[in-house]
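Q: I need the structure of the sequence given here:
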Amino acid sequence: ITRTVSSRVVNHSTNIKIIKRWYLMKKQFINSIKTGDIIDDIFVLSEKNLAQKKDGNNFLNVSLSDKTGIIKGVVWDNVDRISAKISAGDFAGVKGKVTEYRGSLQLVIKNIEACSADSFDPSDFLPESKFNRDAMFERLLKLTETVETLYLKNLLEEAALLNIHSPWRGLPIK
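A: Okay, the predicted model is just below:
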């Protein structure tokens, strides 16, 4: 099992703590998935819609996401059992195969199960800016230097420090 560590520094006046947490590493990101790939990874179940085939049997249309994008998926087998165990917004362990349907990638899902959010690095599932994170941070610091109102300058400096030590680091700053 591949793991990564996330560190966070907490400073409550004089008490300084370093918090470390081990996470399972995400292996397959949506932007690198291609037709024929076998998928066995964690995604966020963004949407879940139960529908019926022409023969009256249920199937499940889903949307799965991570920090790189969204992929549509379909569940043909064990639909009622799977649908009852997972909800939109859940982290989902997904096994399946990538196919092409009507010109777009589609994941034919063999199994999907809800997973605990505590085991995975949340930054793997939050959208990232297309801009360079360090360049945006440098820009924020330069802008902060030009602010003359003391309380606004302090607020911007605090926001910049939070962005450095945050597990959500990389969210766009406008």
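Q: give the contact list for the spatially most central residue of the chain.
A: Geometric centre of the chain, nearest residue: Phe125, 0.6 Å, by CA atoms, centre = their mean. Neighbouring residues of Phe125 by CB atoms under 8 Å, 6 or more residues apart in numbering: Phe43, Val44, Ser65, Asp66, Lys67, Phe91. No exception for glycine: its C-beta is placed from N, CA and C like everyone else's.
Q: can you do 10 Å?
A: The contact partners of Phe125, taken as CB atoms under 10 Å, 6 or more residues apart in numbering, are Lys26, Ile42, Phe43, Val44, Ser65, Asp66, Lys67, Thr68, Phe91, Ala117.
Q: which one of these is nearest Val98?
A: Set against Val98, the nearest of the contacts of Phe125 by CB to CB is Phe43 (12.5 Å).
Q: can you list the buried residues in stretch 113-128?
A: Across stretch 113-128, burial judged by 16 or more other CB atoms under 10 Å covers Cys115, Phe120, Asp121, Ser123, Asp124, Phe125, Leu126.
Q: re the thing from before, for the residue nearest to the centre of the chain, report the pLDDT, please.
A: Here, the pLDDT recorded for Phe125 equals 84.
Q: backbone phi and psi for it, please?
A: Main-chain torsions, Phe125, degrees, to the nearest 10: phi -120, psi 0.
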